[in-house]
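Participant: quick one: sequence and predicted model below, then my questions.
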Amino acid sequence: DAKTTQPTSMDCAEGRAANLPCNHSTISGNEYVYWYRQIHSQGPQYIIHGLKNNETNEMASLIITEDRKSSTLILPHATLRDTAVYYCIVRWDTDKLIFGTGTRLQVFP
Amino acid sequence: GAVVSQHPSRVICKSGTSVKIECRSLDFQATTMFWYRQFPKQSLMLMATSNEGSKATYEQGVEKDKFLINHASLTLSTLTVTSAHPEDSSFYICSARDQGVSTDTQYFGPGTRLTVL
């Protein structure tokens, strides 16, 4: 099972882009990269996922390197409500999501 | 995204009693649901995988006789914490797998905070 490495914490100014990195150097060819976030005392919220192409939706963009060993989640214009713990997960087995420790993103005014 | 609900959102019970938590997928059918537990300042820990119409699969170290899981329909899974003790106090979160034609994503419920006195 591929594991992920994320920085423990990051800060970002409101209105600026937040770029959250994730390392998954042992990812295998058929494993997807998923991003979730958890705001305090709530269930995780799905953000985006991808296999090898870059993806974009209304919440964020996901940039996956060509060798697929790392990815970056981009929140284009961070707001205070984006303050949360962000989890990068490589899905292994058929359907399990195993959570690591994530990155605590603090957006400041 | 798809909506998953949990009930109750918060429960306080006495030691030795059993508590049932419901997880529902509101706008999609889920043959597979998952139950997680989260202690303060820690990440989510997968407890078990719930499959509709069959027995749940428990992660190593999770007591199946203590955490009873039933997935009787495509939109409902229940977790019963039997003979609860203070150390079972935690934030319990479920997720449901949405496997559509063009999607395969898990959506999470809002969580249930259990406090055992």
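Facilitator: That came through, no problem.

Participant: report pLDDT for whatever residue of chain B ends up closest to chain A.
Facilitator: Across chain B, the shortest distance to chain A (C-beta to the nearest C-beta) belongs to residue B:108, at 3.8 Å. In short, each C-beta sits where N, CA and C put it, glycine included. If you check residue B:108, the pLDDT there is 96.

Participant: which residues does it contact?
Facilitator: Residue B:108 sits next to A:36, A:43-46, B:4, B:93-95 when contact means C-beta atoms under 8 Å, 6 or more residues apart in numbering or on different chains.

Participant: show the buried residues in these.
Facilitator: By neighbour count, with 16 or more other C-beta atoms under 10 Å in any protein chain shown, the contacts of residue B:108 hold A:36, A:43-44, A:46, B:4, B:93-95 as buried.

Participant: who's the residue nearest to residue B:13 when sequence neighbours are not counted bridged to?
Facilitator: Of all residues not flanking residue B:13 in the chain, residue B:19 sits nearest, at 5.3 Å (C-beta to C-beta, 6 or more residues apart in numbering or on different chains). Beta-bridge partners recorded for residue B:19 (DSSP bridges): residue B:81.

Participant: picking that back up, nearest to residue B:78, of the contacts of residue B:108?
Facilitator: residue B:94 (9.3 Å; C-beta to C-beta).

Participant: isn't that closest one up against residue B:34?
Facilitator: Yes. Contact criterion C-beta atoms under 8 Å: residue B:94 and residue B:34 qualify, at 6.6 Å.

Participant: what's the distance between the residue in chain A that chain B sits nearest to and residue B:9?
Facilitator: Residue nearest to chain B within chain A: residue A:43 (3.8 Å; C-beta to the nearest C-beta). To residue B:9, residue A:43 is 10 Å away according to C-beta to C-beta, to the nearest Å.

Participant: quick check: neighbours shared by the two?
Facilitator: B:110-111.

Participant: for chain A, which residues are neighbours of chain B?
Facilitator: A:34, A:36, A:38, A:41-46, A:49, A:87, A:95-102 (C-beta under 8 Å from any C-beta of the partner chain).

Participant: which of those count as buried?
Facilitator: Neighbour-count burial (16+ other C-beta under 10 Å) applied to the residues of chain A next to chain B gives A:34, A:36, A:38, A:43-44, A:46, A:49, A:87, A:96-100, A:102.

Participant: so which of these comes closest to residue A:23?
Facilitator: Nearest to residue A:23 among these is residue A:100, at 10.8 Å by C-beta to C-beta.
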